[in-house]
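> this is a predicted model, with the sequence first.
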Amino acid sequence: MKSFEDTWALKAKQEGYRSRATYKLDHIDQKYNLIKNARKMVELGSAPGGWSQLIAKKKSPSAKCLAIDILPMNKVNGIDFHQLDLQSDEFLKLMEEFNPNIDVIMSDMSANLTGVKVVDEEANFEINLFSLNLAKQYLSKNGKLLIKTFNNQNLARLKNEFSAFFSRTCTEKPPASKTSSSEVYLLGLDPK
């Protein structure tokens, strides 16, 4: 598996992307056209900036993208980055100013792992619900929500939550995802 992982990391380095995660988003975007026609996008957990680079490359010149992370991120032209805690008042204020009608919310976030399976799964589930609740507040009528999640005991619960809000829910495992990882991406399309 190591050579497989090195292939994506090497490709990212050769093509000037900050992370292999760029190819995960690119795969999903090619299939569902998330970026090109979006006018307003929010990217949660944006550091180190691999997704931001792809968004900047594919978005229309007039489209706006807010990128948020608690960690620092080097500038990506065309992306409005804010180093903020998602639980902060500053984040809520920023979202209120950026609203209404966000076309796409994307999250590549996951919890810092403790090594305790149940604790880690619950922490990631809470992060996923946070993104979903944000979508419920701010997405446009044809909006889309893309989140990283994991194929574990919470996935069925999460899909049910998505199905209650979105007309269509899709699960993707991009080729650039590590085969050994239970990581999957859940996409909600068109709020009901």
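Right, received. Where do you want to start? None of the values given here were measured: they were computed from a predicted structure.
> what's the first helix or strand after the one helix or strand F130 maps to?
For F130, the host element (DSSP states H and E) is helix 117-138. Heading C-terminal from helix 117-138, the first helix or strand you meet, by DSSP H and E, is strand 139-150.
> for the record, mean pLDDT for that following strand?
What strand 139-150 shows for mean pLDDT is 96.
> what pLDDT is listed against the residue sitting nearest the centre point of the chain?
Against the mean C-alpha coordinate of the chain, by C-alpha atoms, centre = their mean, the closest residue is S107 at 2.2 Å. As predicted, S107 sits at a pLDDT of 97.
> just the one 10 residues further on next, same as before
Predicted confidence (pLDDT) at K117: the value is 88.
> neighbours of it, how many?
K117: 11 surrounding residues under other C-beta atoms under 10 Å. The way it works is simple: take the backbone N, C-alpha and C, and place the C-beta from them, glycine included.
> same thing with I147?
Residues near I147, counting by other C-beta under 10 Å, number 27.
> quick one, helices of this protein?
Counting by DSSP state H, the segments of the chain that form helices are 2-15, 21-32, 50-58, 89-98, 117-138, 155-165.
> distance to V42 added to those helices, as JSON lines?
Output for those, formatted as JSON lines (distance: least, C-beta to C-beta, whole Å):
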{"stretch": "helix 2-15", "distance to V42": "23"}
{"stretch": "helix 21-32", "distance to V42": "14"}
{"stretch": "helix 50-58", "distance to V42": "10"}
{"stretch": "helix 89-98", "distance to V42": "7"}
{"stretch": "helix 117-138", "distance to V42": "8"}
{"stretch": "helix 155-165", "distance to V42": "17"}
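> for this structure, which residues score under the pLDDT cut-off?
1-5 (pLDDT under 70).
> hmm, back to that, the residue nearest to the centre of the chain pairs with what?
On the basis of DSSP bridges, S107 is bridged to L44, I147.
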